[in-house]
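Participant: Just the structure for this:
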Amino acid sequence: MSTPPLASDLHLCLCHGCGVACDTRRNAHRCERCGAPLHSRKHDAIARGWAYLVAALIFYVPANLLPVMHTEMLGQGIDSTIGGGVLEFWESGAWDIALIIFIASIGVPAIKFLSLGLLLWTAQHRSAWARRQRSQLYRFVELIGYWSMLDVMVVALVAALVQMRELGTIEPRAGILFFGMVVVFTMLAAMSFDPRHIWDEGDPIDGAH
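Facilitator: Got it, this is the predicted structure:
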C-alpha cells in the first residue's frame, strides 16, 4: 500500500485565516482568498508547546497544595484544597459534586499533561509510531479542553448556592487562581501544538522549530 502524498509534495498549504488550501506555486507567501500570511507549520510550535506545558506543571503544584476556597458554616471556618474539597463533598453525601470536581481538577489535567507530553515528545523526534492514533489523541485533547474551567465554575456555583440558602459563606482562595493558570497554560500548549508535525519525517527537530 503506497503512502499518500504530503501537502508539501502537492505544493499546497492550508490558510489559517480562512481554511482554503492554497497553491504555493502561484503565491508562496499570501493566501489567494483572504490575503493572510501562509506558513506550512506553526512557528516554534514544539518549543512553545513545551514551555507552556512546563509552566502549567509548575502552577499545578501550588494549585493542589494551596486552599482553593474558605468555607464558613455556623461560625466555623475551614480552608479546603482541591483534594480536601473532594473528600468533604463525598463525606457529606454530595458525591455528584465530588465526582465532578475530581474529574475536572485531577483527572482532566492529568490526562492533558500526559497526552500533550506524549504528542510533543513524539513530534519532536518525528516518530512514526501510531500516527493516526496520535492525531485522534490531539483531537481528544482539544475536546476536553472545553471543560477545563469546570472546576472554577463549580466553586463559584457552590459559593452562590450556599450564600443564597444562608447556610454560611464560601470565598475563593489563592489555589483557584493557580488552577486557573494551569487551565490557561494547558490550553495554550494545545493551541500551540501543530498536529501536522505528527506526519513529518526526517531528522529529529533540534531546538524544536
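Participant: Look up how far His125 lies from Phe140.
Facilitator: Computed as CB to CB, to the nearest Å, the Phe140 to His125 distance reads 21 Å. To be clear about C-beta, it is placed using only N, CA and C from the backbone, and glycine gets the same treatment.
Participant: and what of Asp44?
Facilitator: Distance from Asp44 to His125, by CB to CB: 17 Å.
Participant: Mind checking which of the two has more residues around it?
Facilitator: Legend: neighbour count by other CB atoms under 10 Å for Asp44 and His125, higher for Asp44 (15 against 12).
Participant: so how many other residues sit close to Phe178?
Facilitator: Phe178 sits with 19 neighbouring residues when counted by other CB under 10 Å.
Participant: give me every residue that touches the closest residue in space to it that isn't next to it in sequence.
Facilitator: Here the nearest residue to Phe178 in space, its sequence neighbours aside, is Ala63; by CB to CB, 6 or more residues apart in numbering that works out to 3.9 Å. By CB atoms under 8 Å, 6 or more residues apart in numbering, the residues touching Ala63 are Ile82, Gly175, Ile176, Phe178, Phe179, Met181, Val182.
Participant: Run the chain-centre distance for the strand or helix carrying Phe140.
Facilitator: Element membership for Phe140, per DSSP states H and E: helix 131-145. Centroid separation between helix 131-145 and its chain, computed with CA atoms, centre = their mean, to the nearest Å, is 11 Å.
Participant: buried ones in stretch 38-52?
Facilitator: Neighbour-count burial for stretch 38-52, with 16 or more other CB atoms under 10 Å as criterion, is recorded at Leu38, Lys42, Ala45, Ile46, Ala47, Arg48, Gly49, Trp50, Ala51, Tyr52.
Participant: Excluding sequence neighbours, find me the nearest residue to the first one.
Facilitator: If I follow you right, that is Leu38. Distances taken as CB to CB, 6+ apart place Cys13 nearest to Leu38, at 4.9 Å, with adjacent residues excluded.
Participant: my hunch is that Ile101 is in a strand, does that hold up?
Facilitator: No - using DSSP: H, G, I helix; E, B strand; the rest coil, the assignment for Ile101 is helix, not a strand.
Participant: Check the contact between it and Thr81; I expect there is one.
Facilitator: No - with contact defined as CB atoms under 8 Å, Ile101 does not reach Thr81; the gap is 11.0 Å.
Participant: Those two: which is more packed in?
Facilitator: The residue with more neighbours, out of Ile101 and Thr81, is Ile101; 25 against 18, by other CB under 10 Å.
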